[in-house]
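Chemist: starting from these lines, generate the structure:
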Amino acid sequence: MKKVLLLQLLSIIALATAAQTPPAEKFEVIGNIKGDIAKLKGLQIPTNAGAGKILTSDANGNGTWQTFPTLQTLTAFVHRATTANTTNHITTLSYPNPKQTDVVLVTHNYNPAGGGSIAYNNHPVGIYWVGNAWTIYNEDIADIVGTAFNVLVIRQ
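Modeler: The predicted structure follows:
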């Protein structure tokens, strides 16, 4: 799993300056830093950083610049639990090309656009993958038909 690193150089310098005892290694920059690769205690930071990129690292500390996810990787919609997409306490989500690796976030929606009668769902909900689709379910097995949910899908 890739880890996202956020480098805060100014904070590091401020902490080193405020320390009671000077650090064993000092870092001072006057002017610009230029180089092909910077290596800090095993983390290699390659060049080619740019707008819209984030620094990620593998398990060995080798850093790479990756393009930050865009809105094209996100799908957001309101799901209504109807008799057509629901069985008892489980409702099946429908969106283009669902994948088991999608990150799916769900919240109750008590007043969705388009009106209609929406039941107040005061039950704890969960979400899980079933074969080829994501489903929302009431954890206490209460009926879920007539409720609505905000859904955010983050494509991995």
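
Chemist: low pLDDT regions in this protein?
Modeler: By pLDDT under 70, the weakly predicted segments of the chain are 1-46, 69-72.

Chemist: now the helices for it?
Modeler: Assigned by DSSP state H, the chain shows helices spanning 9-18.

Chemist: show me where this protein has its strands.
Modeler: Taking DSSP state E, the strands of the chain run over residues 3-5, 37-40, 43-46, 53-57, 63-67, 74-80, 86-87, 90-92, 103-108, 125-130, 133-138, 148-154.

Chemist: now render these as TSV, adding distance to residue 117 and mean neighbour count.
Modeler: (C-beta placed from N, C-alpha, C; glycine too.) Formatted as TSV, the strands of the chain follow (distance: least, Cβ to Cβ, whole Å; neighbours: other Cβ atoms under 10 Å):
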stretch	distance to residue 117	mean neighbour count
strand 3-5	43	12
strand 37-40	59	11
strand 43-46	56	16
strand 53-57	44	15
strand 63-67	44	15
strand 74-80	11	15
strand 86-87	15	16
strand 90-92	16	20
strand 103-108	15	14
strand 125-130	19	13
strand 133-138	18	20
strand 148-154	10	18
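
Chemist: is it possible to export those strands to TSV including distance to residue 119?
Modeler: Output for these, formatted as TSV (distance: least, Cβ to Cβ, whole Å):
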stretch	distance to residue 119
strand 3-5	39
strand 37-40	55
strand 43-46	52
strand 53-57	41
strand 63-67	42
strand 74-80	10
strand 86-87	12
strand 90-92	12
strand 103-108	10
strand 125-130	13
strand 133-138	11
strand 148-154	9
